[in-house]
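> sequence first, then the predicted structure, then my questions.
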Amino acid sequence: MSVRNGQYMALAGVNLAKSESKDLQTRFRELMAQGMHGLCFSAYEEGQKPGDTLTREQIERRLDIMRPHTQWVRTFSCTDGNELIAKIAKEKGFKTLVGAWLGEDEDKNEEEIATAIQLANDGFVDVLAVGNEVLYRKELTVDELLGYMNRVKAEVNVPVGYVDAYYEFRDRPEVTEACDVILTNCYPFWEGCAVEYSLPYMKDMYHVAKRAGNGKPVIITETGWPNKGSHFYGAVPSEENALKYFIDAQEWAKDEGIAMFYFSSFDEEWKTGNEGDVGAYWGLWDKDEKLKW
């Protein structure tokens, strides 16, 4: 999510009338056919939420839908059936960025870490993310996070990083130093940026993380734009804006060789809690697994 408190661009946008909706949809379909680097995997069906157990059937079905369109899959957790995603993804030929979800529950953290290490050592992980925005949410201290990261690094032979907003890597050099790879979330939407200015704004976010990494590889682990919901300062959810952002982001990533995971694959209704009404509408496919455009 990565809303940056007190830091809103809030530039007023201009009408997208020059970009006909039909033209945007055509380009979207072309880019989907060409395929993209990575997609964040949304596994929860209607009526499900984190904590519910995922089944092999629903994971396989959604991965089969995604397979023609992406090389990499990003997961967020290693428990409650989420550990199956990396295994099934590997069976289907994907590369995997596997996430261990950390929070305030120490027992759950231990379960996540142990399973993540096992998945990596069993060959199901290409990049391992220890924690996702846990500093942003203030659920762990830097020292606690580093403790988990160092434990994992000592036991696996894959690149290990931590996922958070781009500015965290600039502001917390000790965390950046501990990362083998910088895993950065870049959301112009959540900084109130109008879609017309969102691509240069996202480029700047990326380069903030890249400079902080001082030569380390940088992966954009999340970026996207909702197609429905309430305005967030200058950022307006709409079908056209979601299409425009996807097209701009994908074309830039391809041109510059940027590794980018788009957020997200499928809509998830449970996400309306912390994110408001936009939370359910970040997917390229809707909750019924139909491609939106």
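The structure has been received and is ready for your questions.

> quick check: the gap between the spatially most central residue of the chain and residue 261.
Nearest to the mean C-alpha position of the chain, by C-alpha atoms, centre = their mean, lies residue 222 at 2.9 Å. Taking C-beta to C-beta, to the nearest Å as the criterion, residue 222 is separated from residue 261 by 6 Å. (Glycine included, C-beta is placed from N, CA and C.)

> now do the helices in this structure.
All helices of the chain, identified by DSSP state H, fall at 21-34, 56-66, 83-91, 106-121, 142-153, 166-171, 173-178, 198-213, 239-256, 272-275.

> ok, which of those helices comes nearest residue 192?
helix 198-213 (10.0 Å; C-beta to C-beta).

> who are the packing partners of the closest one?
Where contact means 3 or more C-beta pairs under 8 Å, 6 or more residues apart in numbering; DSSP states H and E, helix 198-213 is packed against helix 166-171, helix 173-178, strand 182-185, strand 218-222, helix 239-256.

> tell me which of these sits most buried.
Of the helices and strands packed on helix 198-213, the one with the most neighbours on average (mean count of other C-beta atoms under 10 Å) is strand 182-185, at a mean of 27.

> tell me which strands that one pairs with, and in which orientation.
Paired neighbours of strand 182-185 in the sheet (DSSP bridges): strand 160-165 (parallel), strand 218-222 (parallel).

> who's in contact with it?
2, 97, 127, 129, 133, 161-166, 169, 176, 205-206, 209-210, 212-213, 216-223 (C-beta atoms under 8 Å, 6 or more residues apart in numbering).

> and of the helices and strands packed on helix 198-213, who's closest to residue 291?
Using C-beta to C-beta as the measure, helix 239-256 is the one of the helices and strands packed on helix 198-213 that comes nearest residue 291, at 12.0 Å.

> which other residues reach the closest one?
16, 19, 21, 24-25, 27-28, 31, 34, 36-37, 188-189, 195, 198-199, 202-203, 220, 223-227, 258-260, 262, 284, 292-293.

> hmm, try it at 7 Å
Contacts of helix 239-256 with the rest of the structure, by C-beta atoms under 7 Å, 6 or more residues apart in numbering, involve 16, 19, 21, 24-25, 27-28, 31, 36-37, 195, 198-199, 202-203, 223, 225-227, 258, 260, 293.

> give me the angle between that helix and helix 21-34.
Inter-element angle recorded for helix 239-256 and helix 21-34: 40 degrees (by axes from the mean of the first three to the mean of the last three C-alpha atoms, to 10 degrees).

> average pLDDT across helix 239-256?
Here helix 239-256 scores 98 as its mean pLDDT.

> return the distance of stretch 27-43 from the chain's centre.
13 Å (C-alpha atoms, centre = their mean, to the nearest Å).
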